[in-house]
Structures are given as structure tokens and as C-alpha cells.
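*Asks:* need a structure here:
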Amino acid sequence: MIKLLIILMLSLPAFSLVITEDMRWKEYEHSAYQYLPPMGSEKVVNKVEVKTNPIVRDQDGFGTCYLFAMTSLMDQSCLKSGNCTKDDQISVLDVLGKTQLKSGDQSEFLGLNGGNLSQVIDALTKGEKVSLKFAKEECAPYQQIENYNNPDNDFRIVNYPQLLAINEIYHQVKDSSLKDGVCNKCTEDFFKDFFPFSSSMLESLSRAATKITSINAFEEFLNEVLIPKKCQEDKSQIKLAPIGFKQERISDVEKFRNKMTELFEKDKSAAISSCTWTRYCNDPSIKYMEMCPKEQRKRYCGGHAYLLSGFRKICDDKNKCRNQYRVHNSWGKNFEVFNDNGWVNEDSLFKAYLDLGNQLVTYTED
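*Replies:* Numbers count the residues shown, from 1 in each chain. So this is what the prediction gives:
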């Protein structure tokens, strides 16, 4: 997360301090989130926000922003319909398991280390308006796979020993079952060789292993392991009113602004994706990014998905105005605390949105 001081220096044009490349390199550059609260004679002259605020969530170090954005849209729709309360959050893990992203030649961890909003829509609804149901977050919490000791917020499976063990079990059991039709070695002792699982987790692994021949992806296996049987019972699940999703490609700033305000007035948030400029070092021997030699430093546009839930116009006494959007991120409560309650400048946000090269606005049709 960008430190507050660096954010301020990047955000306030009044400062004459020059931000050097060395200073930028030491931080992730979340280019979309340049904020500047009303200052001097400035006042908010127009503001529209959703009435049903999305629930604040935290994705930890995984590349699951796209899952959180879609889950938050469904949470909001469920709250609006009266089918949910603020305590009834949809389990992100259950959404992950039901999405079953196609990995192709990529890592089996495509679902945990990146994806996009369209993939979730295709998997859940096939483009239709459907009735969906999910386990509750309190019954199948995301915290089961979080790692608060992750040193740099980049997802690497080796930093998650229990998750790594489940992945290895999945592949071994799948290979064995494809050959023999059953997993003869799926005993508690076999599972314990991978990780000191709890008794309840051993029970879940045994249950999931019996279904392995009908399971087609690691995410689906993870769903079986991490979501207790009681959470999958119909009476325990969150049932959404019939819901669909619509996506529009908008590359004009004024049309984008008009669409956002139209949605907010209807009490709907919008999910978008934009660039987060991610750094990497061409020298594989470098363990810490801060130590990377200048000639080996590289940046690339890493996509990040989040919600927009408000728009406001700020003007000074000379009628010089600027626009802002309220960003609802999946980085916990600290994001709003250090970013003026989520209000960021339109120009930087829209540029980061265009830079991604896939300008899709996603919202619910309920």
C-alpha cells in the first residue's frame, strides 16, 4: 500500500517537490487513486452516491480483485432486494468455486492470481438473468486462506503452506483417480503427509476426494474442501432475486460520467478495471525490489478491478471546477481512511481506466 506521505506528494500539485524515479520505485504506483479534498474556497456543489453502500472487504495478497468486485455487486443487489442484511455477506470462496475459470496453459491458480469480470459473468449466468445462491461469508470465510505474514502483498503459493498442500493433494488425487477410478490412498495419514490439517479439514478433504472424478478444476476442489457441508445446504444459503449483468465499453469521459451518475441515481454501483503500474526486476538474483539496479527496473500495467459508488463536483469561488469519483476497493478499511473516504480525481482515474485497454463498465440488471 502506498504510504500516506508519498500519496500526498503525488496528489497535491501545489507542492514544488520533484518526485524522482527512485522515490516512485520504492512504492507501488496506484495511478488511479490521486485524491485532493476540497481546499481553500472550494466546495462540493454536486454529489450523487448510492444509497446502499457496498460492503468493505479485503482481498489480502491474492489476485482476486475481480471476484471481490463481482461479489460486492451481488451483495449490493441482495441488500436492495431485501433478501439480505448487512450481516449476510456472500462467501467469496463460494463465488470462486462456482466460477471455475479456464486455465488453459496457465497456472492452475488463475482464479486466485488474476481473472476478469467477464469470466465471472460467463461462468455464473451465461449472459442470462438467473437466480443464484451462495454460502454465507460467516460460514465459509475468506480468512481461511489469508496469510497476514505475506511479506510483499504479491501472491505466491509457497507463502500459503496449507493452500499449497491442498493444491498438491488435488493433483495427486486427480491423477490417481483418473487411472484407478477411485482414490485408494485417500486416508487421513495420506493427507497429513502434506500438512498438519485440523480434524475438520481432514473430514472435508476426505469428502472432496470422493467427488474428485466429477471435479474439473482446483477452484472447484477448493470449494468442496473449504465450504462445510452445512454451508451448502439450501436453508443456509443466500438466495438472490433473479439477477443479470450488463457490460458496456465506454471510452469517452463525458459519456462515462453520465453513465456513472445514471447508475448511482438508481442506487447501483459500477465495477470497472484500470491499470495499477506494477514493478518487476529483470535481475532474478534480486530478492528485494528496492535493491533493483536502475537499468533493470521495469513496470507493466497490472489490471485491478473495483467499484465506483459516487460522483461529486468541486468548485472554487472563481468557478474553477473538478470532478471526483468514490472508489470502493477490496483493500480493507485502510484504503478509505488514507484516501479521503475513497474520493479520487476523475482525470487520473479515467486515464488509468483507459490505459488498461479494455474499457468495460459492469453493473447489475435486477
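*Asks:* backbone phi and psi for residue 302, please?
*Replies:* Note on residue 302: backbone dihedrals following degrees, to the nearest 10 are phi -100, psi 130.
*Asks:* I'd assumed residue 206 was in contact with residue 183.
*Replies:* No - between residue 183 and residue 206 there is no contact under C-beta atoms under 8 Å: 9.6 Å. Quick note: C-beta positions are derived from backbone N, CA and C, even for glycine.
*Asks:* ok, those two, which is more surrounded?
*Replies:* More crowded of residue 183 and residue 206, by other C-beta atoms under 10 Å: residue 183, with 21 against 16.
*Asks:* which residues touch that one?
*Replies:* 173, 176-177, 209-210, 212 (C-beta atoms under 8 Å, 6 or more residues apart in numbering).
*Asks:* repeat that with 6 Å
*Replies:* Neighbour list for residue 183: 173, 176-177, 209 [criterion: C-beta atoms under 6 Å, 6 or more residues apart in numbering].
*Asks:* same thing with residue 299?
*Replies:* 277, 279.
*Asks:* Partner strands of the helix or strand hosting it and their direction?
*Replies:* Element membership for residue 299 (DSSP states H and E) is strand 297-315. The pairing partners recorded for strand 297-315 under DSSP bridges are strand 43-49 (antiparallel), strand 270-281 (antiparallel), strand 321-328 (antiparallel).
*Asks:* So which bits of the second one are buried?
*Replies:* Yep, that's strand 270-281 we're talking about. Going by neighbour count (16 or more other C-beta atoms under 10 Å), the buried part of strand 270-281 is 270-277, 279, 281.
*Asks:* Likewise for stretch 160-178?
*Replies:* 160, 162-163, 165-167, 169-170, 173-174, 176-177.
*Asks:* Out of the strands paired with strand 297-315, name the one with the poorest average pLDDT.
*Replies:* Sorting the strands paired with strand 297-315 by mean pLDDT places strand 270-281 lowest, at a mean of 85.
*Asks:* how about low-confidence regions in the chain?
*Replies:* 1-31, 100-110, 146-158, 178, 181 (pLDDT under 70).
*Asks:* after the longest helix seen in it, next one along is what?
*Replies:* The longest helix of the chain (DSSP state H) is helix 161-180. For helix 161-180, the following helix or strand on the C-terminal side (DSSP H and E) is helix 188-192.
*Asks:* Domain-wise, how is the chain divided?
*Replies:* In terms of domains, the chain is parsed into 4-52+245-365, 65-239 (source: automatic domain parsing).
*Asks:* how about those in a markdown table, adding distance to residue 58?
*Replies:* Output for those, formatted as a markdown table (distance: least, C-beta to C-beta, whole Å):
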| stretch | distance to residue 58 |
| --- | --- |
| domain 4-52+245-365 | 4 |
| domain 65-239 | 8 |
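*Asks:* So which bits of the strand holding residue 299 are buried?
*Replies:* Judged by neighbour count using 16+ other C-beta under 10 Å, the buried positions of strand 297-315 are 297, 302-315.
*Asks:* got a list of what the residue of the chain positioned farthest from its centre touches?
*Replies:* Relative to the mean C-alpha coordinate of the chain, counting by C-alpha atoms, centre = their mean, the farthest residue is residue 318 (40.1 Å). Shown in contact with residue 318 (C-beta under 6 Å, 6+ apart): no residues.
*Asks:* repeat that with 10 Å
*Replies:* residue 41 (C-beta atoms under 10 Å, 6 or more residues apart in numbering).
*Asks:* quick one, what contacts the closest residue to residue 33 other than its chain neighbours?
*Replies:* Nearest residue to residue 33, sequence neighbours excluded (C-beta to C-beta, 6 or more residues apart in numbering): residue 344, at 4.9 Å. Residue 344 makes contact with 11, 30, 32-36, 308, 324-327, 352, according to C-beta under 10 Å, 6+ apart.
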